[in-house]
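S.K.: sequence and predicted structure are below.
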Amino acid sequence: MKTFEELGVAANIRKAIEEMGYENPMPVQEEVIPYLLGETTDIIALAQTGTGKTAAFGLPVLQQINVKENVPQALILCPTRELCLQIAGDLADYSKYIDNLRVLPVYGGSSIESQIKSLKRGVQIIVATPGRLIDLINRRTVDLNNVKYVVLDEADEMLNMGFTESIDEILSKVPAERKMLLFSATMPKEIAKITKKYMQSPKEITIGRKNEGSNNVKHVYYMVHAKDKYLALKRIADFYPNIYGIVFCRTRRETQEIADKLIQDGYNADSLHGDLSQAQRDYVMQKFRIHNIQLLVATDVAARGLDVDSLTHVINYGLPDDIESYTHRSGRTGRAGKTGTSIAIVHVKEKGKIREIEKIINKKFEQGVIPTGEAICEKQLFSLVDRIEKVKVNEDEISNILPSVYRKLDWLEKEDIIKRVVALEFNRLIDYYRDAQEIESPSDRYAREESYPRRKDRERSDRSSGGSRGAERGYSRLFINIGRTDNVNPATLMGLVNDFVPEKVNIGRIDIMQNFSFFEVPEKDAQKVISSMSRQEQNGRRISVEVAQGGGGGERGGNRERGGFNSQRSDRDRGPKRNSDYKSSSRSSKPSEKSGHRKGGSGRRPKFS
Ligand code: AMP
């Protein structure tokens, strides 16, 4: 198997997709990318949804856009509004590190005026449903004369939906020497006609549904103290606003307890276990199937009767006693060509089981870092912004009320209105996470240290004494809450200071300890370093820098312990109520909305024009 680099994908795109978790190309990408980047042949690819086709055409097309020319250079046609938004969102994600690249989704059911405005501002890639594009062509608001790439995605669906004539018309408007790529799950005669008429000696690629089942599942474990398991579950659920998954528990009692807690905390959850009557179980399963429930807390046995293909996540609230069951649990996601994630929330003693499971599934687990409150808020916020962008506005139904709404809000600027909408939805969440303790993930090393208290005590006393030494003359000794456990060495530490502190700062002595470190900076720079570095993140962990106790340069209450070491939890740790105040619209949405928008909440704001 080749890497993305070997396929010729540029570094700035690789950086973006790596951040999205794309490690290796999927088969369709391996086949299509080199062709689009190199040869001039047209391509017909027989591929199902979920095989990674968006990146297959998206990456090479993005790479070949000339951002200096503000005209449409690529046209992607697809059958539905949902797919259109999904593709445009994916392209925006892939092009996160390409400056000045503009992608515009063009689809019916939303304001044509704003699409025209964006077209006038200039876009390089248009992702369109055929009907709306024809409308724009007829209004002479779109110029396809510079289009070099045309992609027909889900071509068979477009034909089924009666778009044959529209496609004909659109293709007659693009230059003859463009490169054309057609994706279809099937190859009916009509497709053959199109290919014959518009493609020149196309190369045919067939991608089977090879990536079904466990190959499509990513396995992640989060290691937490046993007492933090529920808090970790909530954070994970909060971090994936569009999560649709099963939380597996070991016993009926635990299942009911966790479901009750989630419901109490405002999550859209319910329980499924053998203590319920058949009628109750059928009812819960039906609610889950139609996405009225986002999190189904279930025992292994009870969940067997449930056949759902579109789970985004399976969460193991602790690992099953019988390790084989893990395979069945995780196999419930990543089905029907979709990708999914199987998460295990484990405590230190279960680490060995993770290794045993890895042998059985022949795949490695990633170790996840429990998302920080800040990361969750950001993710939720962008999910909201995304929903605002994509919501279908029913113009007719609200047209009567709108004038009085406009009048009432007339005194507010657009920016103020946005701030208020966001505040309405987010104040509670932000309030909760602002003061919530971060959850400590006990690393292996820490786990070992727990059984060697002498070493840990020594570090603690080191820490409170600033590492048993004072700073050099004229320098302040600073404490930072990351150490060897976080893969920090003197070079990375210096790199962090350089990255986060705007001006150049001399760095004196550095002492890297197991769970934290000390470093010295000139006294005059100490406060600047502290304020520039604090609240930044390293590998998902919030950095905290303060003057080391006894380290010169004055004291700043330097002996607070890292969150997870502290057994005293604030009241707030019982959780933010995830109630209708800020959740309802995403939680109770219809299945089509859910599946169509799953990727929309990626936390990155699409760079739509
Ligand atoms: P698509 O067929 O384009 O809808 O892609 C199906 C799913 O696979 C999407 O969730 C993509 O984000 C994901 N995906 C695409 N390419 C890769 C890759 N190389 N590695 C991991 N996931 C991928």
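M.R.: Thanks, I have the structure now.

S.K.: for the rest of this, base every contact and every neighbour count on C-alpha atoms.
M.R.: OK.

S.K.: where does the stretch 301-450 of the chain dip in pLDDT?
M.R.: Across the stretch 301-450 of the chain, the ranges flagged by pLDDT under 70 are 304-305, 307, 324, 336-337, 434-435, 440-450.

S.K.: all strands of it, in order?
M.R.: 313-317, 340-346, 366-367 (DSSP state E, counting those that start in this stretch).

S.K.: okay if I get these as CSV plus distance to Cys78?
M.R.: Shown next, in CSV, are the strands of the stretch 301-450 of the chain (distance: least, C-alpha to C-alpha, whole Å):
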stretch, distance to Cys78
strand 313-317, 27
strand 340-346, 24
strand 366-367, 35
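
S.K.: relative to Ala88, which of the ones you listed is closest?
M.R.: Between Ala88 and those, the tightest spacing by C-alpha to C-alpha is seen for strand 340-346, at 21.2 Å.

S.K.: paired strands for that closest one, with orientation please.
M.R.: Neighbouring strands of strand 340-346 in its sheet, by DSSP bridges, are strand 217-223 (parallel), strand 313-317 (parallel).

S.K.: is any part of the first one close to the ligand?
M.R.: Which is strand 217-223. No. Using C-alpha under 6 Å from any ligand atom, strand 217-223 stays clear of the ligand, coming no nearer than 8.9 Å.

S.K.: buried set for that strand?
M.R.: Val217, Lys218, His219, Val220, Tyr221, Tyr222, Met223 (16 or more other C-alpha atoms under 10 Å).

S.K.: what does stretch 497-515 give?
M.R.: For stretch 497-515, by 16+ other C-alpha under 10 Å, it's Val497, Asn498, Val501, Val505, Ile510, Asp511, Ile512, Met513, Gln514, Asn515.

S.K.: might one say that the third one is in contact with Gln536?
M.R.: In this case it means Val501. No. Under the criterion of C-alpha atoms under 8 Å, Val501 makes no contact with Gln536, lying 10.5 Å away.

S.K.: so which residues make contact with stretch 55-63?
M.R.: With contact meaning C-alpha atoms under 8 Å, 6 or more residues apart in numbering, stretch 55-63 is reached by 9-10, 13, 28-30, 32-33, 36-37, 74, 90-91, 94-95, 149, 151, 181.

S.K.: which of the residues you listed count as buried?
M.R.: Among these, those scoring as buried are 9, 13, 28-30, 32-33, 36-37, 74, 90-91, 94-95, 149, 151, 181 (criterion: 16+ other C-alpha under 10 Å).

S.K.: turn the buried residues of strand 217-223 into CSV, columns for pLDDT.
M.R.: CSV is the format used below for the buried residues of strand 217-223 (pLDDT from 0 to 100):
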residue, pLDDT
Val217, 85
Lys218, 88
His219, 92
Val220, 91
Tyr221, 91
Tyr222, 90
Met223, 88
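
S.K.: related to what we said a few turns ago, let's have the strands paired with strand 340-346 in a markdown table, adding distance to Gly245.
M.R.: Below are these laid out as a markdown table (distance: least, C-alpha to C-alpha, whole Å):
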| stretch | distance to Gly245 |
| --- | --- |
| strand 217-223 | 13 |
| strand 313-317 | 5 |
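
S.K.: for Glu177, find the nearest of those strands.
M.R.: With C-alpha to C-alpha as the criterion, Glu177 lies closest to strand 217-223 of the strands paired with strand 340-346, at 40.4 Å.

S.K.: so what's the gap between the closest one and the chain middle?
M.R.: Offset of strand 217-223 from its chain centre (C-alpha atoms, centre = their mean, to the nearest Å): 15 Å.

S.K.: any idea which helix or strand comes after that strand?
M.R.: Downstream of strand 217-223, the next assigned helix or strand under DSSP states H and E is helix 229-239.

S.K.: quick one: list the elements packing against that next one.
M.R.: Helices and strands touching helix 229-239, by 3 or more C-alpha pairs under 8 Å, 6 or more residues apart in numbering; DSSP states H and E, are strand 340-346, helix 373-390.

S.K.: most tightly packed of these?
M.R.: For those, the largest average neighbour count (mean count of other C-alpha atoms under 10 Å) is found in strand 340-346, namely a mean of 25.

S.K.: quick one, it and helix 229-239 angle?
M.R.: Relative orientation of strand 340-346 versus helix 229-239 (axes from the mean of the first three to the mean of the last three C-alpha atoms, to 10 degrees): 160 degrees.

S.K.: and the helices in the stretch 101-250 of the chain, which stretches?
M.R.: Using DSSP state H, counting those that start in this stretch, the helices of the stretch 101-250 of the chain run over 112-121, 130-138, 155-160, 164-173, 189-198, 229-239.

S.K.: next one: Thr164 from the ligand, what distance?
M.R.: In this view, Thr164 and the ligand are 23 Å apart by C-alpha to the nearest ligand atom, to the nearest Å.

S.K.: who touches that residue in this structure?
M.R.: If a contact means C-alpha under 8 Å, 6+ apart, then Thr164 has Met158 as its contacts.

S.K.: which residue does the stretch 151-300 of the chain bring closest to the ligand?
M.R.: Closest contact between the stretch 151-300 of the chain and the ligand, by C-alpha to the nearest ligand atom, is at Asn216 (8.0 Å).

S.K.: kindly provide the distance from Tyr498 to the ligand.
M.R.: One thing to correct before we go on: residue 498 is Asn, not Tyr. With distances taken as C-alpha to the nearest ligand atom, Asn498 is found 32 Å from the ligand.

S.K.: mind starting the numbering at 526 from now?
M.R.: Yes, from this point I'll number from 526; that puts the last item at Asn1023.

S.K.: which residues touch Gln598?
M.R.: Gln598 sits next to Ile590, Gln649, Ile650, Leu669, Asn671, Val672, Lys673, Tyr674 when contact means C-alpha under 8 Å, 6+ apart.

S.K.: just Leu821 next, same as before
M.R.: Contact analysis of Leu821 by C-alpha under 8 Å, 6+ apart lists Gly770, Ile771, Val772, Ala784, Ala794, Asp795, Ser796, Leu797, Phe813.

S.K.: what about 10 Å?
M.R.: 769-773, 780, 784, 793-797, 809-810, 812-813, 828, 839-840 (C-alpha atoms under 10 Å, 6 or more residues apart in numbering).

S.K.: pull out the buried residues from the residues you listed.
M.R.: 769-773, 780, 784, 793-797, 809-810, 813, 828, 839-840.
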